[in-house]
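>>> Predicted model and sequence follow; I will ask about them next.
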Amino acid sequence: MRKVMVFGVTAAVLSLAIVQVASSDVRDGLIAYWPLDEKDGDTWHDAVGNHDGDVEEVGDGGWTNDAHTRGGFAFSHSLVEIDDEDDINELPDGFTIAHWTYPEAGGAIMDKSGTDATRIQWYLLGDLRHHWGVGGGFGFSDGNPVPAWKEWYHFVWSHTPGESVVYRDGEEVGRGAQGDVPVTDANMYFGNRLPDEGRQEWFTGTLDEVGFWNRGLTPEEVEEVFKRGLSGLLAVAPQGKIASSWAAIKARRR
């Protein structure tokens, strides 16, 4: 009996160690994380870095307490601006953006573009496909990675020099050849494309749990983020900031 108990304790310790290592790997390169739990105010607070977002326009959107997310930010002619910083301007190893979304109509989800030649853009088309652009190139998802409007999905766009991959709920739904990430001092926007140039490609829908890495994630890491959530992976958050409980934030359809 004693040997069995020792073995059980050892197995539990090893299991915990494996989980901690996996979590640490996924956290590597996470330079911004917006839980979007504020409920009110005009700031998206970055829980791991220094990339707070300013709510520039609200339109018919704003903070939400939707039953599915228990938080989040709804976009409807809404715009959020993240000031440029060196760690999001220079991305030689690529980048990843992940979020939960409840899309209602197509439009620009995220844009960081000085011009079309120095762009990082990700938007949802009216035919339910994703369109992404890096530098002077762009790509389209195959088929409809968004099966229907007005449902919750977890999306990840992982880009490494030469290739972009889009995942829905942990599974790949789009892939395309892309170039290196351009160096740009443009601000990052959520909710519209190239707003400084007056382009009107408003995204309509809700975002929640938005994360940004300065590297591409592997398929295994993407699946882990989907299953455990960023809050669960950030049990010990960088810079002494406490991440909120995933279970308390995300009540997705089962």
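That came in fine, so what should we check first? Keep in mind that this is a model prediction, so the values were computed, not measured. Numbering: from 1, shown residues only.
>>> And the helices in the protein?
2-27, 86-89, 219-233, 246-249 (DSSP state H).
>>> Tell me the buried residues in stretch 184-197?
184, 186-195 (16 or more other CB atoms under 10 Å). (C-beta placed from N, C-alpha, C; glycine too.)
>>> For these, which two are the farthest from each other?
By the measure CB to CB, Thr184 and Gly191 form the most distant pair in these, at 18.7 Å.
>>> quick one, what contacts the closest residue to Pro145 other than its chain neighbours?
Closest residue to Pro145 apart from its sequence neighbours, by CB to CB, 6 or more residues apart in numbering: Val173 at 3.6 Å. If you count contacts by CB atoms under 8 Å, 6 or more residues apart in numbering, Val173 has them with 130, 141-143, 145, 166-167.
>>> measure Val173 to Glu104 for me?
19 Å (CB to CB, to the nearest Å).
>>> What of Val146?
11 Å.
>>> go on, Trp122?
From Trp122 to Glu104 the distance is 17 Å (CB to CB).
>>> same deal with Gly71?
As judged by CB to CB, Gly71 and Glu104 stand 18 Å apart.
>>> Neighbour count: these two, which is higher?
A direct count of neighbours by other CB atoms under 10 Å for Gly71 and Glu104 places Gly71 higher, at 22 against 16.
>>> how about low-confidence regions in the protein?
1-24, 67-69, 142, 195-199, 235-254 (pLDDT under 70).
>>> Of all residues in it, which one is nearest the centre?
For the chain, Ala98 is the residue whose C-alpha lies nearest the centre (CA atoms, centre = their mean; 2.2 Å).
>>> partner residues bridging that residue?
Val156, Gly211 (DSSP bridges).
>>> residues in contact with it?
Per CB under 8 Å, 6+ apart, neighbours of Ala98: 154-157, 209-211, 217, 222, 225, 230.
>>> Please report how far the residue nearest to Pro145 lies from Asp60.
According to CB to CB, Val173 and Asp60 sit 29 Å apart.
>>> likewise Tyr33?
From Tyr33 to Asp60 the distance is 27 Å (CB to CB).
>>> who's more crowded, the two?
Tyr33 (27 against 10).
>>> so that one touches Leu233, yeah?
No. Counting by CB atoms under 8 Å, Tyr33 stays clear of Leu233, with 9.7 Å between them.
>>> Nearest residue to His51 in space, please, no chain neighbours.
The nearest residue in space to His51 (CB to CB, 6+ apart) is Ala32, at 4.2 Å.
>>> For that neighbour, name its beta-bridge partners.
Beta-bridge partners, per DSSP bridges, of Ala32: Phe212.
>>> What is the burial count for it?
Residues contacting Ala32 under the criterion other CB under 10 Å number 24.
>>> what's near enough to touch Phe212?
Counting by CB under 8 Å, 6+ apart, the residues that Phe212 touches are 30-33, 51, 88, 95-97.
>>> residues near Gly41, how many?
9.
>>> again, but for Asp42
13.
>>> Next: Asp40.
7.
>>> distance of it from Phe73?
11 Å.
>>> what is in contact with the two at once?
By CB under 8 Å, 6+ apart, Asp40 and Phe73 have these common neighbours: Trp63.
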